[in-house]
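**Student:** my questions concern the predicted model and sequence given below.
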Amino acid sequence: MKKVCVYCGSSSGRRPGYSYAARGLAKALTSRGIGLVYGGAGIGIMGEIADAVLAGGGQVIGVIPQMLADKEVAHDGLTELKIVGSMHERKQVMMDLSDGFIALPGGLGTQEELFEVLTWSQLGLHTKPCGLLNVEGYYDKLCSFLDHAVEEQFVKSHHREMLLVEQSPEKLLTLMEAY
Ligand code: AMP
């Protein structure tokens, strides 16, 4: 993988562990020479991971719609900032640029992005790996819900298994590289 897209919160969350994990993922990416693609904001976990990748000498491409550039305070120190016309264009550009996708803790926007990329994989529209970095058990209930959805026969188990879940960024990237 040359570039990985990270979906994560525009907030920092309640626990310092979330920002710490973002910095850990940044380190794992830069040590493998993998560039970051993300939503271009300078706030929350989004800003945290971008700053950490840049500080480690890595490449960061941000993709942000004009309407959000002010609200989410577009990061002004990125390797490249792409200003796009809409949220849909943002997600498409992020998907096209990236060789894999990881969700860190985040809110509704993060979930939406993760599930879109998973459902596109389910439909065979791409074959890139999708990972979830389960920091501080933040996604435990989401994982349980997905298991429930398999039990209730709304999700096929091989589609459930497309989502690679790990607590360690190194382990997650290793799984994704082998996907
Ligand atoms: P959040 O996880 O809600 O803090 O949002 C994380 C990022 O997802 C932010 O850059 C939001 O602008 C973005 N986002 C929010 N809603 C959507 C959506 N429907 N589609 C794509 N991105 C979104």
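**Tutor:** Done, it's in. Residues are numbered from 1 along each chain as shown.
**Student:** so Ile61 makes contact with His75?
**Tutor:** No: checked against Cβ atoms under 8 Å, the pair Ile61 and His75 is beyond contact range at 10.7 Å. Every C-beta, even on glycine, is put in place using the N, C-alpha and C of the backbone.
**Student:** between those two, which contacts overlap?
**Tutor:** Leu81 (Cβ atoms under 8 Å, 6 or more residues apart in numbering).
**Student:** now for Ala178, how many residues are close by?
**Tutor:** 8 (other Cβ atoms under 10 Å).
**Student:** next one: His148
**Tutor:** 11.
**Student:** list the helices and strands the one helix or strand it maps to packs on?
**Tutor:** Following DSSP states H and E, one finds His148 within helix 140-151. The contact analysis (3 or more Cβ pairs under 8 Å, 6 or more residues apart in numbering; DSSP states H and E) places helix 140-151 against helix 157-160.
**Student:** report the mean per-residue pLDDT for the helix or strand following the helix it packs on.
**Tutor:** Reading on from helix 157-160 to the C-terminus, the next helix or strand found by DSSP H and E is strand 163-166. In this model, strand 163-166 has a mean pLDDT of 98.
**Student:** same check on stretch 172-179?
**Tutor:** For stretch 172-179, mean pLDDT is 98.
**Student:** kindly report the same for stretch 82-92.
**Tutor:** 96.
**Student:** can you pull out the residues in contact with that stretch?
**Tutor:** 39-40, 61-66, 68-69, 74, 93, 113, 116.
**Student:** show only the entries of these found in strands.
**Tutor:** 61-65 (DSSP state E).
**Student:** ok, now which ones touch Ala55?
**Tutor:** Contacts of Ala55 by Cβ under 8 Å, 6+ apart are Ala26.
**Student:** how near is it to the ligand?
**Tutor:** 21 Å (Cβ to the nearest ligand atom, to the nearest Å).
**Student:** which stretch of helix or strand covers the closest residue to Ala52 other than its chain neighbours?
**Tutor:** Excluding the flanking residues, the one nearest Ala52 by Cβ to Cβ, 6 or more residues apart in numbering is Ala26, at 3.4 Å. Per DSSP H and E: Ala26 is located in helix 16-31.
**Student:** and the protein, which residues reach the ligand?
**Tutor:** With the criterion set to Cβ under 6 Å from any ligand atom, the chain comes near the ligand through 9-11, 39, 41, 68, 72, 87, 91, 106-110, 112-113.
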